[in-house]
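Novice: Just need the structure, nothing else, for what follows:
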Amino acid sequence: MSDIMKQILKFFLIYTFLITLVSGKGFAADPPFLKFMNDSWVDSLLENMTLEEKISQLMMITAYPQQNDASKNQVIQSIKELKPGGILVMQGNPVKTAS
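Specialist: Prediction:
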């Protein structure tokens, strides 16, 4: 590659970097959950939760709607006992699973 081509490439890369830096489009936007960082409602909930409840909120339970009644009852019992942060419906749809 000739010296002129190297200089043009170098200029183009620096120019692109600077334009991206100045425009701010090269940076990701803040995630939406950050708006709750200093929310009094969220803070009051967290203050009243035990360590076990906070850990449970990090867990997700899987639900397979096409399982037998014993398995469904086990999932229901786990939800009541653990109070997980979410439920993954692995087959079917959430509305049918809930009924």
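Novice: Low-confidence regions, the chain specifically.
Specialist: In the predicted model, the chain carries pLDDT under 70 at residues 1, 23-27, 97-99.
Novice: Just the helices from it, written as ranges.
Specialist: With helices called from DSSP state H, the chain shows them at 3-23, 40-48, 51-56, 69-82, 94-98.
Novice: wait, which of these is closest to P31?
Specialist: Nearest to P31 among the helices of the chain is helix 40-48 (14.9 Å), distances taken as Cβ to Cβ. Using the backbone N, CA and C atoms, a C-beta is placed for each residue, glycine as well.
Novice: tell me how far the closest one is from the chain's mean position?
Specialist: A distance of 20 Å separates the centroid of the chain from that of helix 40-48, by Cα atoms, centre = their mean, to the nearest Å.
Novice: can you redo the helices of the chain as CSV with distance to F33 and mean neighbour count?
Specialist: Listed next are these as CSV, based on distance: least, Cβ to Cβ, whole Å; neighbours: other Cβ atoms under 10 Å:
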stretch, distance to F33, mean neighbour count
helix 3-23, 25, 10
helix 40-48, 10, 10
helix 51-56, 16, 12
helix 69-82, 22, 12
helix 94-98, 22, 12
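Novice: Distance to L34 added to these, as JSON lines?
Specialist: Compiled in JSON lines, the helices of the chain are given as follows (distance: least, Cβ to Cβ, whole Å):
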{"stretch": "helix 3-23", "distance to L34": "22"}
{"stretch": "helix 40-48", "distance to L34": "12"}
{"stretch": "helix 51-56", "distance to L34": "19"}
{"stretch": "helix 69-82", "distance to L34": "27"}
{"stretch": "helix 94-98", "distance to L34": "27"}
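Novice: For P32, which of the ones you listed is the nearest?
Specialist: In this view, those are compared for proximity to P32 by Cβ to Cβ, and helix 40-48 is the closest at 13.5 Å.
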